[in-house]
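Novice: Sequence and predicted structure below; questions after.
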Amino acid sequence: MSEISGQAVLQERDELLRFGLGHGQLRGVAISLDDSWHTACANHAYPPAITALLGECVAAALCMVAMLKFDGRLILQFRGEGAVSLLVVQARTDLSFRVTAQWRDSLDGASLNQPLSALLGSGQLALTLEPTDGVRYQSLVAAEGVNIAAALEGYFAQSEQLPTRLVLAADAQRAVGILLQQVPGEGGTPAERARAAEAEFEHGAALIQTLTGTAGQQELRTTAVPELLHRLFHQEALRLTQISPVRFYCGCSRAGVGAMLRSLGADELAQALADSEVPGHVAVHCEFCGADYRFDAVDVAQLLREDSVAPPEATRH
């Protein structure tokens, strides 16, 4: 009973699928990050626990931004005082993303088996929406739950009051997620619509709940997303309504870094040259893509010269 609307073509890698179920009272998105996830991690030495947590955050953030009707950027951030101090994902509505993380040396392989609350300590979840046109909005809640999915379901329950179920899995090879939400139905009285929508949501949530636990997580990490959706919902009038590519993107550049350094001024740049761990250079490391930029004394002088030379005014005689 499943179908694909329009002329969408399944690539099965690095794509996000939007879908509907049943009588239109459930909507969802499913995502697979493969090559894009490898690119995001390529220049970072993430411990296994950070790789798993950050991959789950990426999958979740892209699922959430795909559900929103706005143009701009969503920033998902977990902060804590434990072994994991920071997880950040910036996801844009064009389904590009970049990530960064901070952790303490006490994080080791055994941390994979610890609940999120233990890894973060006293943790906080921040969700920020930055529309291209409009007002920036941020919501802060305590980061509670055994994993990223549970913490975000708690956020939706507190802040959005929208029944949501989320399953996530990630490792060094792949990051995958499925998000399911209840939406208002049509026909009948409000009470009847609410009961029908709740029943459909509970049924759909029970189906994706099979992807938790050891066996479920293994299936989620190793099965192509279209096949996963078919396995789960082939009897539920599954409709794939849109398929979109996802990609890693970092907007840093040497020109951009140079502009930032120029804004520091001559005194701070001179001090940076003197204190740098890379002798004779001001070194800047991008925490998102891992790129390194180095500016020697000649480069710094050129930056300051560019700042001091104003463009000539046009004159007419």
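Specialist: Here it is on my side, so go on. Residues are numbered from 1 along each chain as shown.
Novice: What residues does Asp133 make contact with?
Specialist: Applying CB atoms under 8 Å, 6 or more residues apart in numbering, one finds that Asp133 lies in contact with Asp71. C-betas here are computed from N, CA, C, even on glycine.
Novice: how close does it get to Arg73?
Specialist: When CB to CB, to the nearest Å is the yardstick, Asp133 and Arg73 sit 12 Å from each other.
Novice: try His230
Specialist: His230 sits 32 Å away from Arg73 when distances are taken as CB to CB.
Novice: cool, Ser276 as well?
Specialist: From Ser276 to Arg73 the distance is 32 Å (CB to CB).
Novice: got it, and Trp37?
Specialist: Remark: distance between Trp37 and Arg73 (CB to CB) = 19 Å.
Novice: Give me the more crowded residue out of these two.
Specialist: Summary of the neighbour comparison: Trp37 and Arg73, criterion other CB atoms under 10 Å, with Trp37 having more neighbours (27 against 19).
Novice: Correct me if wrong: the more buried one contacts Ala175.
Specialist: Yes: here Trp37 lies in contact with Ala175, judged by CB atoms under 8 Å, at a distance of 4.9 Å.
Novice: Overlap in contacts, the two.
Specialist: Shared contacts of Trp37 and Ala175 (CB under 8 Å, 6+ apart): Gly55, Val58.
Novice: element containing the closest residue in space to Ile75 that isn't next to it in sequence?
Specialist: Take Ile75 and drop its neighbours on the chain: the residue closest to it by CB to CB, 6 or more residues apart in numbering is Thr128, 4.2 Å away. Under the assignment given by DSSP states H and E, the secondary-structure element containing Thr128 is strand 124-131.
Novice: what's the answer for Arg294, then?
Specialist: Under the criterion of DSSP H and E, Arg294 resides in strand 292-296.
Novice: can you check Arg18 too?
Specialist: According to DSSP H and E, Arg18 maps onto strand 15-21.
Novice: so how far is that strand off the chain centroid?
Specialist: Centroid displacement of strand 15-21 relative to its chain, using CA atoms, centre = their mean, to the nearest Å, is 17 Å.
Novice: ditto for stretch 204-211
Specialist: If you compare the mean C-alpha spot of stretch 204-211 with that of the full chain, they lie 22 Å apart, counting by CA atoms, centre = their mean.
Novice: Next, count neighbours for Val135.
Specialist: Here the count is done by other CB under 10 Å, and Val135 has 7 residues near it.
Novice: quick one, phi psi at it?
Specialist: Reported as degrees, to the nearest 10, the phi and psi values for Val135 are phi -100, psi 130.
Novice: just Phe156 next, same as before
Specialist: Note on Phe156: backbone dihedrals following degrees, to the nearest 10 are phi -60, psi -40.
Novice: Let me know the distance separating it from Gln102.
Specialist: Note on Phe156: its distance to Gln102, by CB to CB, is 26 Å.
Novice: wait, is Ser32 part of a helix?
Specialist: No: per DSSP: H, G, I helix; E, B strand; the rest coil, Ser32 lies outside any helix segment and is strand.
Novice: Tell me, how many residues neighbour the residue lying closest to it once chain neighbours are set aside?
Specialist: Using CB to CB, 6+ apart and skipping the chain neighbours, the partner closest in space to Ser32 is Val225 (4.5 Å). The tally of other residues near Val225 (other CB under 10 Å) stands at 21.
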